[in-house]
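Engineer: Show me the folded form of this:
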Amino acid sequence: MKLFRPSLTTQIFVGLIAGILIGALWPALGQALKPYGGLFLRLIKCIIAPLIFSTLVVGIAGAGTFKQIGRIGLKALIYFEIVTTFALFIGLGAVNLMKPGVGVHLQADHSKAKEAEVTGHKQTFAEAVLHIVPTSVVDAMAKGDVLQIVFFSVLFGAAVAAAGPRGDPVFRACESLAEIMFKFTGYIMHYAPFGVGAAIAATVSSKGLAVLIPLIKLIATLYLALFFFLLFVLGPVCFIARVPIRKFLLAIREPVLLAFSTTSSEAALPKAMEAMEGLGVPRRIVSFVMPTGYSFNLDGTTLYLSLASIFVAQAAGIHLSWGQQILMLLTLMITSKGVAGVPRASLVILAGTLASFDFSADIVAQGILVILGVDEVMDMARTAVNVVGNCLATFVVGRWEGAIQDTPQEELLPQVVDTQLS
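Structural biologist: Okay, here's the model as predicted:
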């Protein structure tokens with residue numbers, strides 16, 4: 001007889017509720033738990049360099065197949081960048097309109113107050129460009145400088161691809177490293193219920209239950225922004241690409257629900273590929289566009305990152321000009337690539353990006369811990385949107401290539417739907 005073991009999602013919700021109760025009823029205990037919330041943050045941050053390096057190198061080096069199917073690859077990348085740019089700006093617009101961070105009142109240590117003043121440090125364009133190039137990749141990884149790690153990883157991945165067969169051992173090594181980092185992240189997530197509980201207990205005990213109001217507002221802002229994105233960005237895309245809406249929704253229902261419940265896009269990949277083939281997209285297109293989209297087409301994640309980054313600034317009382325916000329969006333557009341398969345890895349990217357914009361370590365830590373308590377709820381929605389976006393991207397590229405008939409393969413779709421209903 002197997003013992004019942006609740007899913008990680010259930011465990012995290014239990015930890016969240018327990019943390020709220022502890023923080024509200026026993027504030028002293030909630031404050032005592034603060035280091036354990038910080039421990040979870042440290043565990044996540046320690047994987048930032050190897051995770052970004054391995055996933056980006058594999059993504060860029062794997063793009064060597066563009067030479068074989070260059071037309072498909074170019075069309076896919078153009079579509080990915082256009083749609084993710086819309087996602088970033090919708091997130092930016094939503095967070096500036098709703099202002100969910102106002103009222104949270106994050107405060108840095110007095111010794112670090114000057115460091116937290118983002119607007120106090122003006123950086124020229126030349127200095128910003130120069131900062132992207134690391135003097136030493138080891139130093140960049142030690143400091144967790146996301147931009148510099150990305151720059152090195154992109155060039156390194158391109159060199160691996162250009163090396164041809166001689167680069168294969170390095171490519172396989174990076175694939176192994178990426179897989180190891182996914183496993184490592186999985187181990188860390190076993191601690192998530194305790195980390196979430198400790199984080200929210202410390203937050204509630206120090207700031208009171210009133211702090212949950214902005215967090216509820218943050219969740220509502222994200223869900224409304226994602227709904228707006230689905231309706232007014234992906235909706236017109238469906239119309240332009242002549243997507244059979246009802247059949248498309250039936251086909252992707254299972255992978256989307258799987259992504260929503262597990263908060264992992266990777267878990268939904270096999271079913272999503274099967275569904276797209278059932279809709280009539282040729283296997284050669286599905287097998288290329290879908291996995292590539294998992295690195296370059298993270299619609300839900302990019303929208304969330306733009307929203308969450310400005311939320312932290314609002315919560316800390318830091319004013320960011322529109323120019324700074326746009327620069328942050330461009331940074332997120334690059335740094336968000338390649339982490340769709342790792343639950344809550346977006347927190348790693350968020351922390352690294354904020355640090356790159358001179359947010360103090362104390363502000364970054366407090367901001368991440370505030371978000372952490374409700375990140376599970378937000379991760380469900382953004383991961384589901386990631387899967388919807390990648391399924392649609394695969395269909396669009398297939399239609400763009402003229403590889404899909406106006407009437408999809410009727411005999412294949414019922415098999416997919418029947419499999420999902422059984």
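
Engineer: neighbours of Arg172, just the number please.
Structural biologist: Residues lying near Arg172 (other CB atoms under 10 Å) number 11. The C-beta positions use only the backbone N, C-alpha and C, and glycine is treated the same way.

Engineer: which element is it on?
Structural biologist: Using DSSP states H and E, the element containing Arg172 is helix 168-189.

Engineer: Show me which residues of the following helix or strand past that helix are buried.
Structural biologist: Downstream of helix 168-189, the first helix or strand assigned by DSSP H and E is helix 192-207. Of all the residues in helix 192-207, those buried under the rule 16 or more other CB atoms under 10 Å are 192-205, 207.

Engineer: how much does helix 192-207 deviate in direction from helix 168-189?
Structural biologist: Interaxial angle, helix 192-207 versus helix 168-189 (axes from the mean of the first three to the mean of the last three CA atoms, to 10 degrees): 60 degrees.

Engineer: tell me what helix 192-207 is packed against?
Structural biologist: Counting contacts by 3 or more CB pairs under 8 Å, 6 or more residues apart in numbering; DSSP states H and E, helix 192-207 packs against helix 8-25, helix 27-32, helix 34-45, helix 361-400.

Engineer: weakest of those helices by average pLDDT?
Structural biologist: Ranked by mean pLDDT, these end with helix 34-45 in last place, scoring a mean of 78.

Engineer: Hey, what's the angle from that helix to helix 361-400? Just curious.
Structural biologist: Counting by the same axes, to 10 degrees, helix 34-45 points 40 degrees away from the direction of helix 361-400.

Engineer: List every C-alpha atom in the helix or strand following helix 34-45, with coordinates, as CSV.
Structural biologist: Downstream of helix 34-45, the next assigned helix or strand under DSSP H and E is helix 48-62. Taking Å, rounded to 0.1, in the frame of the first residue of the first chain, the C-alpha atoms of helix 48-62 are listed here in CSV:
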residue,chain,number,x,y,z
ILE,A,48,22.6,31.2,-11.4
ALA,A,49,25.9,31.0,-13.3
PRO,A,50,26.0,27.3,-14.3
LEU,A,51,22.3,27.3,-15.2
ILE,A,52,22.5,30.3,-17.5
PHE,A,53,25.8,29.2,-19.0
SER,A,54,24.7,25.6,-19.8
THR,A,55,21.2,26.4,-21.1
LEU,A,56,22.3,29.3,-23.3
VAL,A,57,25.3,27.4,-24.8
VAL,A,58,23.1,24.4,-25.6
GLY,A,59,20.5,26.8,-27.1
ILE,A,60,22.9,28.7,-29.2
ALA,A,61,25.1,25.8,-30.3
GLY,A,62,22.0,23.7,-31.0
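
Engineer: ok, which stretches of the stretch 251-400 of the chain are helices?
Structural biologist: Assigned by DSSP state H, counting those that start in this stretch, the stretch 251-400 of the chain shows helices spanning 269-278, 283-296, 299-316, 322-335, 346-356, 361-400.

Engineer: For Trp26, find the nearest of those helices.
Structural biologist: Nearest to Trp26, of all the helices of the stretch 251-400 of the chain, is helix 361-400, at 16.8 Å by CB to CB.

Engineer: in that closest one, what counts as buried?
Structural biologist: Residues 362-400 are the ones in helix 361-400 that count as buried (16+ other CB under 10 Å).

Engineer: Also stretch 314-322?
Structural biologist: Neighbour-count burial for stretch 314-322 flags 314-316, 318, 320 (criterion: 16+ other CB under 10 Å).

Engineer: What of stretch 82-95?
Structural biologist: Buried-residue list, stretch 82-95, by 16+ other CB under 10 Å: 83-84, 86-92, 94-95.

Engineer: if you look at those, which of them are in strands?
Structural biologist: Of the buried residues of stretch 82-95, none are assigned to strands by DSSP state E.

Engineer: Pick the one among these closest to Ala162.
Structural biologist: For the buried residues of stretch 82-95, the nearest to Ala162 is Thr84 (26.0 Å; CB to CB).

Engineer: so that closest one makes contact with Thr302?
Structural biologist: Yes: between Thr84 and Thr302 there is a contact at 4.9 Å, judged by CB atoms under 8 Å.

Engineer: list the residues that contact both of the two?
Structural biologist: Here Thr84 and Thr302 have Met333 as joint contacts, going by CB atoms under 8 Å, 6 or more residues apart in numbering.

Engineer: how big is the angle separating the helix holding Arg172 from helix 8-25?
Structural biologist: Using the same axes, to 10 degrees: helix 168-189 against helix 8-25 is 40 degrees.

Engineer: Summarise which helices and strands helix 168-189 is packed against.
Structural biologist: helix 34-45, helix 48-62, helix 146-162.

Engineer: Show me where the stretch 51-200 of the chain dips below the pLDDT cut-off.
Structural biologist: Applying pLDDT under 70 to the stretch 51-200 of the chain picks out residues 59, 62-70, 104-129, 145-147.

Engineer: who's in contact with Gly195?
Structural biologist: So Gly195 contacts 15, 36-37, 39-41, 43, 372 (CB under 8 Å, 6+ apart).

Engineer: And for Cys238?
Structural biologist: Residues near Cys238 by CB under 8 Å, 6+ apart: 245, 248, 392.

Engineer: which secondary structure element contains it?
Structural biologist: Counting by DSSP H and E, Cys238 is found in helix 235-240.

Engineer: How far off centre is that helix?
Structural biologist: 24 Å (CA atoms, centre = their mean, to the nearest Å).
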